[in-house]
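In: sequence-free structure coming up:
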Ligand code: NAD
């Protein structure tokens, strides 16, 4: 199976199903990213703060895959926000990744109290202008912050990566992004593998569709048009998550999963509007 490619507003594309490596130790990253490539993934999501960019870079180099067949995302950490510090942090990430050109660079968190996100966004625009990164986007941005950076620069982020899963489905943010031509990317798409995967509604759909609960959740993200980056270091689960591409859900399944949303009570991670 192959992942669908979704189109960005800048003309580039992104494989809809990728592999995330938060909490994967540097020493393990090369091996598990190699497993993900074997399973079929071609899109890897890392970040400066994950401390494993070098391992991801070694896995890309060792894969034998052509550079244009692999899509790599990394993210600018909070402490590096600001115009000049962003340019420097980008160079450092690229050295660890051993890459000439990056596919996607994201501002990791809004950091409203720090208040440097607009200058940081301008630095990403410059990096894209220089051709060092193909596409630029954000992570953990609110509707209001998206409106501000678009209004100030005229450059619409390609994507916004935020916490999204059936207990916290981000319907309002997704509707705004769709109007603006911003793709939506789901972090912690499986709800970090906690009680979500034992929800009776998901267990019932999984049994009926001959899939696992994790596959049903991933198939829901894919059907909504979300870019999705599940994480696992277990080879059988890396493969299981990839095989979600073959799971077909009906409209009634999607509606039942949409109804699991708990609003703000469903949130696992920090609230971007206040996290500093
Ligand atoms: P996730 O929702 O992908 O859950 C991962 C956990 O779920 C695994 O550790 C494992 O315990 C379990 N799991 C995985 N596959 C399973 C399966 N098939 N069956 C049963 N259990 C399974 O959580 P995550 O790692 O938080 O998020 C995924 C990726 O999103 C991260 O690796 C990272 O790349 C990205 N992320 C980004 C941000 C951000 O601020 N931008 C924050 C969190 C995560």
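Out: Perfect, thanks for sending it. Not measured: the values here are computed from a predicted model.
In: Tell me the secondary structure of the residue nearest to residue 117 when sequence neighbours are not counted, please.
Out: Spatial nearest neighbour of residue 117, chain neighbours left out: residue 110 (5.6 Å); criterion: CB to CB, 6 or more residues apart in numbering. Quick note: C-beta positions are derived from backbone N, CA and C, even for glycine. State at residue 110, reduced to three classes by DSSP: H, G, I helix; E, B strand; the rest coil: coil.
In: what comes into contact with the host helix or strand of residue 89?
Out: Counting by DSSP states H and E, the element that carries residue 89 is helix 83-97. Helix 83-97 has contacts (CB atoms under 8 Å, 6 or more residues apart in numbering) with 46, 48, 53-54, 56-57, 60, 72, 74, 76-77, 80, 100, 102, 105, 119-120, 122-124, 126-127, 132-133.
In: Tell me which helix or strand comes right after that helix.
Out: strand 102-107.
In: after that following strand, next one along is what?
Out: Later in the chain than strand 102-107, the nearest helix or strand by DSSP H and E is helix 117-129.
In: and the next element down the chain from that next one?
Out: According to DSSP H and E, the helix or strand after helix 117-129 is strand 133-139.
In: List the pairing partners of that following strand within its sheet, with orientation.
Out: Looking at strand 133-139 with DSSP bridges, its partner strands are strand 102-107 (parallel), strand 159-163 (parallel).
In: looking only at pLDDT, what's the mean for the helix holding residue 89?
Out: For helix 83-97, the mean per-residue pLDDT is 98.
In: Could you check it and say which residues are buried?
Out: 85, 86, 87, 89, 90, 93, 94, 96, 97 (16 or more other CB atoms under 10 Å).
In: so how far is that helix from its chain's centroid?
Out: In this view, helix 83-97 has its centroid 20 Å away from the chain centroid, taken as CA atoms, centre = their mean, to the nearest Å.
In: Not counting sequence-adjacent ones, nearest residue to the residue in the stretch 51-200 of the chain positioned nearest to the ligand?
Out: Closest contact between the stretch 51-200 of the chain and the ligand, by CB to the nearest ligand atom, is at residue 193 (2.4 Å). Leaving aside its sequence neighbours, residue 193 sits nearest to residue 214 (CB to CB, 6+ apart; 7.6 Å).
In: residues touching the one you found, list them.
Out: 190, 193, 197, 230, 237, 240, 241, 244.
In: could you measure it against residue 131, distance?
Out: From residue 214 across to residue 131, the span is 38 Å (CB to CB, to the nearest Å).
In: what about the helices in the stretch 151-276 of the chain?
Out: 171-180, 200-209, 213-224, 235-242, 251-258 (DSSP state H, counting those that start in this stretch).
In: among those helices, which is the most enclosed?
Out: helix 213-224 (a mean of 23; mean count of other CB atoms under 10 Å).
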